[in-house]
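Trainee: okay, here's the prediction I keep looking at, along with the sequence it came from:
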Amino acid sequence: MAAAAEAQPAKARGNATVVAGASVGTVFEWYDFYLYGSLAGFITTHFFSGVNEVTGYIFALLAFAAGFAVRPFGAIVFGRLGDLWGRKNTFLVTMLLMGLSTFVVGLLPSYETIGIAAPALLIALRLVQGLALGGEYGGAATYVAEHAPPGKRGLYTSWIQTTATAGLFLSLVVILLVRTNIGEEAFKAWGWRIPFLVSILLLGVSLWIRLRLNESPVFQQMVDEGKTSKKPLTESFGQWGNLKLVILALLGLTAGQAVVWYTGQFYALFFLEKMLKVDGALTNTLVAVALLLGTPFFVFFGWLSDKVGRKPIILAGCVLAALTYFPIFKGLTEAANPDLAHATQRAPVMVVADPSTCSFQFDPVGKQTFTTGCDVAKGALASAGVNYVNVSPKVATEPAFIMIGQTKVPSLDGTAMAPAEFKAAKEAWTKAFAAQLKAAGYPAKADPAKVDKPMVVGLLFLLVLYVTMVYGPIAAALVEMFPARIRYTSMSLPYHLGNGWLGGFLPTTAFAMVAATGNIYYGLWYPISVAAFTAVVGFLFVKEMGGNRIED
């Protein structure tokens with residue numbers, strides 16, 4: 001009896017070490033990955049300064065998305081290694097690749113120093129990060145799940161789910177500390193590099209912890225019994241029975257989980273800073289507080305999924321998000337920038353122009369100048385973060401103009417001007433137009449004194465709560481769907497197709513939708529549509545697998 005009593009605490013300590021070891025490395029990798037997203041504006045300035053502002057920002061978001069684009073390929077490469085070579089060894093490699101590539105970003109020369117080579121090298125490093133992250137999650141989730149005692153798999157793996165939010169939280173805190181201590185001007189010039197360089201210290205600590213871990217008992221047993229897969233890719237995707245599970249995992253679980261996750265944590269951050277013009281440091285602080293309040297619910301919903309099942313909680317999160325995103329984001333506008341919200345109601349803005357003269361202002365090579373009256377008007381409104389609608393004129397040949405409430409402001413048509421003449425005319429017009437917007441009550445920036453901080457944090461917390469519902473149980477759900485011999489490969493691909501492609505491209509896609517329509521809320525249709533689709537597919541076709549044996 002005494003021996004059994006001693007063994008139980010020892011086993012508990014061992015399980016705690018497993019969870020902590022897998023989690024700390026994953027926190028570090030997410031920290032690395034999210035630094036880029038949080039600093040996209042500075043990345044634009046230093047690496048994409050050779051193109052216009054709108055194109056540069058889209059390029060910066062695309063470079064961010066490039067890391068997500070290759071995550072499924074990383075899932076295939078490292079998933080295969082994980083099923084052949086072992087869980088522990090594989091996620092040691094992914095962490096090393098991730099950490100070194102992040103550190104190098106902090107040393108990378110800017111566009112002004114080495115020209116086009118700067119963004120090219122940056123994107124190459126992002127691709128390495130994406131490949132590494134594609135192999136990390138499946139390994140960590142599988143490793144923890146294969147150590148978890150029966151009936152606690154959702155609880156144990158939910159700690160892995162906290163790591164993405166913890167990584168984002170850590171990145172925001174480090175950025176905030178650096179900005180506060182060195183000042184905004186120094187941060188813009190060179191201080192943005194410090195959070196990337198600090199990652200080398202985190203890499204050392206994480207490697208030291210993970211080197212102390214043993215291999216997963218389930219994988220070790222398969223090795224001892226000679227039951228490991230010799231062709232995990234063929235078994236995972238070449239056999240219809242398993243391929244069908246991969247497709248259902250993507251469409252009925254991870255697709256909706258991904259868009260809810262990225263909307264609640266990343267798009268909300270982007271919306272506050274880019275659309276509502278809230279100060280960057282204040283935005284980071286408000287989001288960090290909401291994340292801190294919401295993170296324990298990852299564990300709560302993981303624990304609850306052990307009692308009621310994974311599927312009901314995940315799909316409920318998707319449904320709630322789809323039903324409430326519009327009122328939540330409109331509430332954010334009222335709370336974070338009330339002057340903007342009131343101006344939009346009192347003096348709504350319309351761009352009246354022939355649609356054939358309006359371009360989608362994306363210039364990949366930085367050589368095109370947008371000179372039509374429509375383009376000048378829409379570019380100025382996009383830069384000001386003003387919500388507007390597009391209206392066709394009664395007479396197609398009528399010059400483009402802007403209505404700010406009842407005030408008509410003629411736009412500038414520079415199609416017949418020489419470049420130098422157009423540049424000077426545009427600067428003068430933009431200055432006069434900014435004065436018109438100010439007179440109508442549209443603020444250039446959100447007034448920090450008027451930000452309803454408790455309300456903003458409350459709405460952000462609600463978004464994070466949805467994230468915890470869809471994300472807390474997802475690791476356990478995916479682990480339980482697939483056989484042990486091909487688990488790493490099979491679960492990693494649908495997870496990273498959903499989170500890498502559908503989720504990772506969300507900020508870029510949503511911003512492009514907003515830029516094309518002028519409606520700051522229009523980008524929300526993307527996550528709402530995907531979340532609703534996942535709820536339907538998951539409800540009709542995904543089988544609840546909570547509590548399934550995972551040793552086979």
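Mentor: Here it is on my side, so go on. Numbering: from 1, shown residues only.
Trainee: C-terminal to the strand or helix carrying Gln221, what's the next element?
Mentor: Using DSSP states H and E, Gln221 sits within helix 217-225. Downstream of helix 217-225, the first helix or strand assigned by DSSP H and E is helix 232-237.
Trainee: picking up where we left off before, in the helix holding Gln221, what counts as buried?
Mentor: Within helix 217-225, the residues that qualify as buried are 218-219, 222, counting by 16 or more other C-beta atoms under 10 Å. Quick note: C-beta positions are derived from backbone N, CA and C, even for glycine.
Trainee: how close does Pro150 sit to Gly191?
Mentor: 50 Å (C-beta to C-beta, to the nearest Å).
Trainee: higher neighbour count, these two?
Mentor: Gly191 (18 against 9; other C-beta atoms under 10 Å).
Trainee: list the contacts of the more buried one.
Mentor: Residues in contact with Gly191 (C-beta atoms under 8 Å, 6 or more residues apart in numbering) are 178-179, 182-183.
Trainee: next one: Trp303
Mentor: If a contact means C-beta under 8 Å, 6+ apart, then Trp303 has 154-155, 158 as its contacts.
Trainee: that one and Gly135: what is the separation?
Mentor: In terms of C-beta to C-beta, Trp303 sits 28 Å off from Gly135.
Trainee: go on, Glu146?
Mentor: Taking C-beta to C-beta, one finds Glu146 at 17 Å from Gly135.
Trainee: comparing these two, which residue is more hemmed in?
Mentor: Taking other C-beta under 10 Å, Glu146 and Gly135 do not tie; Gly135 has more neighbours (30 against 23).
Trainee: helix or strand: which one has that one?
Mentor: Per DSSP H and E, Gly135 falls inside helix 117-145.
Trainee: quick revisit: neighbour-wise, which of the contacts of Trp303 leads?
Mentor: Gly154 leads those on contacts (other C-beta under 10 Å) with 32 neighbours.
Trainee: three-state assignment of Val409?
Mentor: strand (DSSP: H, G, I helix; E, B strand; the rest coil).
Trainee: contacting residues for it?
Mentor: Counting by C-beta under 8 Å, 6+ apart, Val409 touches 401-403, 433, 436.
Trainee: greatest separation within the residues you listed: which pair is it?
Mentor: Met403 and Phe433 (12.7 Å; C-beta to C-beta).
Trainee: looking at the two, which is more packed in?
Mentor: Per other C-beta under 10 Å, whichever of Met403 and Phe433 has more neighbours is Phe433, with 22 against 17.
Trainee: can you pull the contacts of the more buried one?
Mentor: Phe433 touches 380, 402, 409, counting by C-beta under 8 Å, 6+ apart.
Trainee: under a three-state scheme, what state does it occupy?
Mentor: Going by three-state DSSP: Phe433 is helix.
Trainee: may I see the contacts of Trp303 arranged in a markdown table, with secondary structure, pLDDT and distance to Ile123 as well?
Mentor: What follows is these, written out as a markdown table (DSSP: H, G, I helix; E, B strand; the rest coil; pLDDT from 0 to 100; distance: C-beta to C-beta, whole Å):
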| residue | secondary structure | pLDDT | distance to Ile123 |
| --- | --- | --- | --- |
| Gly154 | helix | 91 | 37 |
| Leu155 | helix | 91 | 39 |
| Ser158 | helix | 90 | 34 |
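Trainee: from those, which single one is nearest Leu272?
Mentor: Set against Leu272, the nearest of the contacts of Trp303 by C-beta to C-beta is Ser158 (27.4 Å).
Trainee: would you agree that closest one is in contact with Gly472?
Mentor: Yes. If you go by C-beta atoms under 8 Å, Ser158 and Gly472 touch, sitting 4.8 Å apart.
Trainee: who touches both of the two?
Mentor: 298-299, 301-302, 305.
Trainee: out of those, who's nearest Ser236?
Mentor: Looking across the shared contacts of Ser158 and Gly472 and measuring by C-beta to C-beta, the closest to Ser236 is Ser305, at 24.4 Å.
Trainee: give me the distance between that closest one and Lys152.
Mentor: Using C-beta to C-beta, Ser305 is found at 11 Å from Lys152.
Trainee: ditto for Ala258
Mentor: According to C-beta to C-beta, Ala258 stands 26 Å off from Lys152.
Trainee: likewise Arg80?
Mentor: Using C-beta to C-beta, Arg80 is found at 29 Å from Lys152.
Trainee: which element follows the worst-scoring helix or strand of the chain on mean pLDDT toward the C-terminus?
Mentor: When the helices and strands of the chain are compared on mean pLDDT, DSSP states H and E, helix 2-38 comes out lowest with a mean of 62. Counting by DSSP H and E, the element after helix 2-38 in chain order, helix or strand, is helix 40-47.
Trainee: angle of that next one against helix 117-145?
Mentor: Between helix 40-47 and helix 117-145, the angle comes out at 140 degrees (axes from the mean of the first three to the mean of the last three C-alpha atoms, to 10 degrees).
Trainee: no more questions from me, cheers.
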